[in-house]
Structures are given as structure tokens and as C-alpha cells.
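Peer 1: Dropping the sequence and predicted coords here.
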Amino acid sequence: MTAGELLAADSAVVAVLGAGSWGTTFAKVLADAATATGVRRDIRMWGRRSEVVSQINAEHRNEQYLKDVALPESITASTDVSKVLDGAGIVILAVPAQSLRLQLREWKPFVAPGAVVVSLMKGLELGTDSRMSQVISEELGIPHERVAVISGPNLAMEIARQEPTASVVACSDEPTAAAIAHCCTAPYFRPYTSNDVIGVEIGGIVKNVIALAVGICEGKEMGDNTKASVITRGLAETTRLALALGGEAHTMAGLAGLGDLVATCSSPLSRNHTAGRLLGQGLTLEQVAERMTQTAEGIKSGYAVYELAGKLGVEMPITAAVVAVLEGKLSVDQLGPTLLARSLKSEGDY
């Protein structure tokens, strides 16, 4: 059976590993998509915390992450990953980027042969500078044609509330991308397809770092001109990195580039924007971590992005400044003046 046939099967089992806000929301998208098309799908979630799993099963809610959003009854959950993965033809990964490799080593024996693995994660691995699709392929020993990524303006709470949004499903194998898109096409969720896995992933990774910068600006009570300038120049340096890695420029102008960047930099629902705002208000990294219940991937991945850019000779001044703030080498008060003091250049210079 081909990947497309496996994904299109009415009886397909889908495993969603990760019961945070985005993992839970995407499980809901999959369940609602199946209902809308009259297809029966078994949506199983794995969660680390037994209280979250119990609430999903008993009350069809995940109040820690999605407050009062009701979940479809077709979604079940377990803390036993072997049960969740048993017979799953589609495996959705929604765990913190920096813990993925070790978790995959534990989960590999339970992943069904021929399964298609989909990454919802937007991070770069520290130490290796690997994208999540690369980590998945390496650790599970599966070809890139069976690894897909989903990215775009994916603020989980808005999607869970069924507010219309669009995203991108990227895979080097176009029929697989199309089949995954079919599986997650809900009345409120519109997926497009792409074969530019690099560009889609880089857009989702770097926007977290730029959102930290915008959040810092907001925490310092800077205006919309400042924030718009950071977003625009942030897109420019994201594009430089994507192109250096083999990504495509038009991806950066689409949902996984500009779309995700605008949403993440602008919304109070964005974890990275929130973390940056708290830093801008004078909180330390430790105090920010205490305030937040979820991971702000930009804090974890920022240095990996900076390191990768250095290896490739790509200039990323906003990223460099944010990393300097995170490392305590630059104060939030110095971030703006440092960027403005750079030498003049043409806007079109990439």
C-alpha cells in the first residue's frame, strides 16, 4: 500500500503524540475533518500527564491548554505510547523540539512499518542544528518521502475555536502531501500543499526568534512602526537562511513564511511574543519560565538558528541581537540601538 492509499483509508488509525495546545487542537482538526467527509477515523492521543489524559477521555476537554473547548468523542488518549501507536498509519508529532530525538528512540519500536510521520514542531535542534524532519528521518530510519511537516499561522486556540485559518502541508512526495491535506481539511481549516520542506520548516523556526524581538519591543512600549520594521526585516533574514539551505523564496511570501510570522509576532496568544514582552518588561528568563505554562521554542532554538547562520555565512542581525539578550550579553534597552547602528545598505540586498 502506498502512503497515499494508507492515508486515504477510511479505517486509518491516527496517533497524535503530544497533548499540549497544538497537539490537542490538531487532533480535533483531524476528527472534525473525518466527520465532515463521513469518514471513520480512530484518533488516539498520547500524553505525558495522566490527569490531562483522564480529562480528555472522561470529559472530552483539555482545560489546561484549551480551556472550555469541547473535543470530539472520537478522540481518545493514553499515557501508554505503545497502545497509541499500535496500527497507526499516520503519526503526528507535537512535542518540544529539544526532546524529540530521545523520545523517538523510545518510540521507534512501536511505529508501524510504512507509517507516515507528520511534524507539527517548529524548532531547530541544539547541537546538531537539525530541522525536525531531519531528526525524524534519522531516528526512525524512514525516507524523507514519508516525513511531512505542517506549518503556517497556527495559533492553537483560534483554530480550536474553529476560527478560519489556512496552513501548509509540505512533503518531498506530492501525493503524500495531498493525502495528508485531505485528512486535515476541516470546515474551518484549509491546508495547501508544498514540496519545499526546507522553506516551510525554516519559516516556522525563525519566526519564533523574530517574535521574541517584537515582543521585547512591545514590552518596552515601542510603537507599531518599530514592530512592523522588525517583522519586515525579520522576514528578510528568514528568507536569506532558507535560500542558503535550498529553500524557495516564494515559500517565504506564503503562509509558512509571512503568514506565520505576522500571526506569531502580533498575537497575545503567541508564546514567543508573550515571552519577548515579559523580557521587555524587565523579567529574567527564569521569571518568564515561571509565568508561562508552555514552551517558547524561540528561547530554545534561537542559538541553534544563530549558529546555523554562522556556519552558512548568512547575516541575521535580529537573531544575533535576540540571542545576545537571551545570553545576557545585551540588555533589552540596547537591542534597538544595536540594530539601528548597523551600516546602511540597500533594502534589496539579500
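Peer 2: Sure, I can see it.
Peer 1: Which parts of the stretch 1-150 of the chain are strands?
Peer 2: If you assign secondary structure with DSSP state E, counting those that start in this stretch, the strands in the stretch 1-150 of the chain sit at 13-17, 42-46, 75-78, 90-93, 116-119, 147-151.
Peer 1: so what strands line up beside the first one?
Peer 2: Strand 13-17 has the following strand partners under DSSP bridges: strand 42-46 (parallel), strand 90-93 (parallel).
Peer 1: Pipe those strands into CSV and attach mean neighbour count, distance to Ala77 and mean pLDDT per row.
Peer 2: From N, CA and C alone the C-beta is placed, and that goes for glycine too. Listed next are the strands paired with strand 13-17 as CSV, based on neighbours: other Cβ atoms under 10 Å; distance: least, Cβ to Cβ, whole Å; pLDDT from 0 to 100:
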stretch, mean neighbour count, distance to Ala77, mean pLDDT
strand 42-46, 23, 4, 96
strand 90-93, 26, 13, 97
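Peer 1: In TSV: those strands, plus distance to Ala177.
Peer 2: Formatted as TSV, those follow (distance: least, Cβ to Cβ, whole Å):
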stretch	distance to Ala177
strand 42-46	20
strand 90-93	13
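Peer 1: other SSEs contacting the helix or strand that Ala263 is a member of?
Peer 2: Per DSSP states H and E: Ala263 is located in helix 260-266. The helices and strands touching helix 260-266, judged by 3 or more Cβ pairs under 8 Å, 6 or more residues apart in numbering; DSSP states H and E, are helix 197-219, helix 224-245, helix 271-280.
Peer 1: how distant is that helix from the center of its chain?
Peer 2: What separates the centre of helix 260-266 from the centre of its chain is 12 Å, taken as Cα atoms, centre = their mean, to the nearest Å.
Peer 1: Kindly provide the whole-number mean pLDDT of it.
Peer 2: For helix 260-266, the mean pLDDT works out to 95.
Peer 1: Next, the buried residues of it.
Peer 2: 260-266 (16 or more other Cβ atoms under 10 Å).
Peer 1: Over to stretch 186-195?
Peer 2: Applying a neighbour-count criterion of 16+ other Cβ under 10 Å, the buried positions in stretch 186-195 are 186, 188-189, 191, 193-195.
Peer 1: Check stretch 321-329 too.
Peer 2: Of the residues in stretch 321-329, those with enough neighbours to count as buried (16+ other Cβ under 10 Å) are 321-326.
Peer 1: May I have that stretch as CSV, with CA atoms only?
Peer 2: Presented in CSV, the C-alpha positions along stretch 321-329 are these (Å, rounded to 0.1, in the frame of the first residue of the first chain):
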residue,chain,number,x,y,z
ALA,A,321,20.7,40.5,18.9
VAL,A,322,17.9,38.3,20.4
VAL,A,323,20.4,35.6,21.2
ALA,A,324,22.7,38.2,22.8
VAL,A,325,19.8,39.2,25.0
LEU,A,326,19.0,35.6,25.9
GLU,A,327,22.6,35.0,26.9
GLY,A,328,22.8,38.2,29.0
LYS,A,329,25.3,39.8,26.7
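Peer 1: quick one: contacts of that stretch?
Peer 2: Under the criterion Cβ atoms under 8 Å, 6 or more residues apart in numbering, residues 209-210, 212-213, 216, 279, 285, 298-299, 302-303, 305-306, 330-332, 335, 338-339 lie in contact with stretch 321-329.
Peer 1: and that stretch, how far out from the chain's middle?
Peer 2: Here the centre of mass of C-alpha atoms in stretch 321-329, compared against the chain's by Cα atoms, centre = their mean, lies 23 Å away.
Peer 1: Let me see the mean pLDDT of that stretch.
Peer 2: 94.
Peer 1: Wait, Ala94 touches Met121, no?
Peer 2: Yes: if you go by Cβ atoms under 8 Å, Ala94 and Met121 touch, sitting 6.7 Å apart.
Peer 1: ok, these two, which is more surrounded?
Peer 2: Taking Ala94 and Met121 together and counting by other Cβ atoms under 10 Å, Met121 has the greater number of neighbours (28 against 24).
Peer 1: Give the closest residue to the more buried one in space, chain neighbours not counted.
Peer 2: Here the nearest residue to Met121 in space, its sequence neighbours aside, is Met132; by Cβ to Cβ, 6 or more residues apart in numbering that works out to 4.6 Å.
Peer 1: quick one, what contacts Met222?
Peer 2: By Cβ under 8 Å, 6+ apart, the contact set of Met222 is Gly336.
Peer 1: Not counting the helix or strand harbouring Thr176 itself, show me its contacts.
Peer 2: Using DSSP H and E, the secondary-structure element containing Thr176 is helix 174-183. Helix 174-183 is contacted by residues 2-4, 7-8, 12, 14, 30, 33-34, 41, 90, 116, 118, 145-146, 148, 150, 169-171, 191-195 when judged by Cβ under 8 Å, 6+ apart.
Peer 1: Mind checking which of the residues you listed are buried?
Peer 2: For the contacts of helix 174-183, a burial check counting by 16+ other Cβ under 10 Å picks out 3-4, 7-8, 12, 14, 30, 33-34, 41, 90, 116, 118, 146, 148, 150, 169-171, 191, 193-195.
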